[in-house]
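*Asks:* Okay, predicted coordinates and the sequence, questions at the end:
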There are 2 protein chains.
Amino acid sequence: MITDMARQARYDRPTLLNKAISLFWDRGYHGSSMKQIEQALDLRPGSIYAAFGSKDGLFAEALATYADQGRLELMGYLESSESIVDGLQTYLRAMAGTASASADKPARACMIIKTLLESSRTHPELAGQAEQILADVRKALAEALEQAKMAGELADHTDCERLARLIQAQIVGLRSMAERGLSPEELTELASDVSAILDAYRARH
Amino acid sequence: MITDMARQARYDRPTLLNKAISLFWDRGYHGSSMKQIEQALDLRPGSIYAAFGSKDGLFAEALATYADQGRLELMGYLESSESIVDGLQTYLRAMAGTASASADKPARACMIIKTLLESSRTHPELAGQAEQILADVRKALAEALEQAKMAGELADHTDCERLARLIQAQIVGLRSMAERGLSPEELTELASDVSAILDAYRARH
DNA sequence: CGCGTTGTTGAGCGATCATTCAAGAAAGGA
DNA sequence: TCCTTTCTTGAATGATCGCTCAACAACGCG
């Protein structure tokens, strides 16, 4: 018979996951040791393994959580703007600020891409998860673009799947460049140039 | 007194480096163990350490060699074409073929970017080397663009440093996308779209 | 206050990590 | 042929890897 909960865990799972995200995002999968994870989560190995099963399990859940947050952010930009293309451009420009280095948080590329590039030949499971996330994002982008086309924002002959792929490549490139020591001004200019690419796809009035 | 060379090494250093490049490019720094390096180079640890000093030393030299080869390839495209912008576009389109997966060689993103993203917070020396290479490439790109502007290929108001940054972001994005399971057609389309971005910067006649 | 249950702890597991080095093998000069 | 020098070999090093588990601590319940 299922009985009472004899003792409640001291930790808060979402908080734990955000700490894990921060560490893995910084150092990658291979670059984060269990010792560092224990320190970051302030948890002893037994508790970590009870909660997440393995280092792989923790990483996978952290990556999924990161992806959810990123998806939410993108969707926020798309929905808060009247025009989808405008929202997309605002999102791209905002990334220069988000990704830029500051006192508390260093500049970091997208964790999905970092994971894909690190693990594609060493850790197929993780790579597969990263690819799936990228495929989902691209699909969401394509659907938004399709809406934009319906609304007359984009030229009629626009291939939305193809444009979604181009935009995803832009996001990947822009965010990867952010991992370098680029100045905020340089990054802002770059984001602006990237965002301007979309103008070529707008419907002519 | 300096005397004779009693015994010549059995290996050929450039060949060794190319084998190391292949392994590190696939698996990254942390993902390549000395055991795998020994196997890839068909050399015992003593010889490896005698020749390169350390795993770090071998990686650094492999990365530098890779960068030289990549620089040579880019310059080849720029110099073989009458127009610099045409050469750049050809280069971008060719990358879809180069980076695409084939029977013998899998699809791989740029090793410089992979190194930067993997080591920026775990291995500052390597990250610094990768950043330096990226800075050099960008400088070379900017100089080529300056030439193109002189030749009237680009609009007079073009900011070549800034455009070089945009092009580098395109290369990074395109090559990173290649690490995914994208089909050759999708990659070709993407490369074509990326290359078309440059048209907006051409001088109007 | 036991009792059962569940979370926490940290020493310690075997495996693998990068690296070293004494001993052997291969070449040229005498 | 022997000596010297250089390269090769592979067992062994200490450190660290991800992970386990028996002992202990905290809670709800009767």
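*Replies:* Received, thanks. Numbers count the residues shown, from 1 in each chain, chains lettered A, B, ... in the order given.

*Asks:* and the helix or strand where residue A:118 lies, does that touch chain B?
*Replies:* Take DSSP states H and E as the rule and residue A:118 turns out to sit in helix A:111-119. Yes. With CB under 8 Å from any CB of the partner chain as the measure, helix A:111-119 is seen reaching chain B through A:113, A:114, A:116, A:117, A:118, A:119. (C-beta placed from N, C-alpha, C; glycine too.)

*Asks:* what does stretch A:29-40 give?
*Replies:* Yes. Interface with chain B: stretch A:29-40 contributes A:30, A:31 (CB under 8 Å from any CB).

*Asks:* Could you report the neighbour count for residue A:155?
*Replies:* 12 (other CB atoms under 10 Å in any protein chain shown).

*Asks:* An error on my part: the question was meant for residue A:72.
*Replies:* 9.

*Asks:* Could you do residue A:120 as well?
*Replies:* 26.

*Asks:* quick one: it and DNA strand D, what's the gap?
*Replies:* Distance of residue A:120 to DNA strand D, computed by CB to the nearest atom of the strand, to the nearest Å: 19 Å.

*Asks:* so what pLDDT did that residue get?
*Replies:* Note on residue A:120: pLDDT of 96.

*Asks:* Distance check, it against residue A:128.
*Replies:* In this view, residue A:120 and residue A:128 are 9 Å apart by CB to CB, to the nearest Å.

*Asks:* And residue A:170, by the same measure?
*Replies:* 24 Å.

*Asks:* Of the two, which one has the most company?
*Replies:* Using other CB under 10 Å as the criterion, residue A:170 and residue A:128 rank with residue A:170 on top: 26 against 14.

*Asks:* Not counting the helix or strand hosting residue A:21 itself, show me its contacts.
*Replies:* Using DSSP H and E, residue A:21 sits in helix A:13-27. When contacts are defined by CB atoms under 8 Å, 6 or more residues apart in numbering or on different chains, helix A:13-27 is touched by residues A:32, A:36-37, A:40-41, A:43, A:51, A:58-59, A:61-63, A:65-66, A:106, A:108, A:111, A:114, B:121-122.

*Asks:* Which among those count as buried?
*Replies:* A:32, A:37, A:40-41, A:43, A:51, A:58-59, A:61-63, A:65-66, A:108, A:111, A:114, B:121-122 (16 or more other CB atoms under 10 Å in any protein chain shown).

*Asks:* Those: which ones sit near DNA strand C?
*Replies:* Among those, the residues that sit close to DNA strand C (CB under 7 Å from any atom of the strand) are A:43, A:51.

*Asks:* mind listing which of the buried ones among the contacts of helix A:13-27 are in helices?
*Replies:* Of the buried ones among the contacts of helix A:13-27, the ones assigned to helices by DSSP state H are A:37, A:40-41, A:51, A:58-59, A:61-63, A:65-66, A:111, A:114.

*Asks:* Out of those residues, the closest to chain B would be?
*Replies:* Chain B lies nearest to residue A:114 out of these, by CB to the nearest CB, at 4.8 Å.

*Asks:* wait, residue A:89 sits on residue A:194?
*Replies:* No. Here residue A:89 does not reach residue A:194: they are 9.1 Å apart, not a contact under CB atoms under 8 Å.

*Asks:* how about stretch A:24-42: buried residues?
*Replies:* Buried-residue list, stretch A:24-42, by 16+ other CB under 10 Å: A:24, A:25, A:26, A:27, A:28, A:29, A:30, A:31, A:32, A:37, A:40, A:41.

*Asks:* Which two of those have the greatest separation?
*Replies:* Using CB to CB, these span at most 18.3 Å, a distance reached by A:30 and A:41.

*Asks:* okay, residue A:89 and residue A:194: which has more neighbours?
*Replies:* residue A:194 (26 against 21).

*Asks:* Just the residues contacting the strand or helix carrying that one, thanks.
*Replies:* Assigned by DSSP H and E, residue A:194 belongs to helix A:184-197. Contact partners of helix A:184-197, identified using CB under 8 Å, 6+ apart, comprise A:89, A:92-93, A:95-97, A:99-101, A:166, A:170, A:173-174, A:177-178, A:182, B:162-163, B:165-166, B:169, B:197, B:200.
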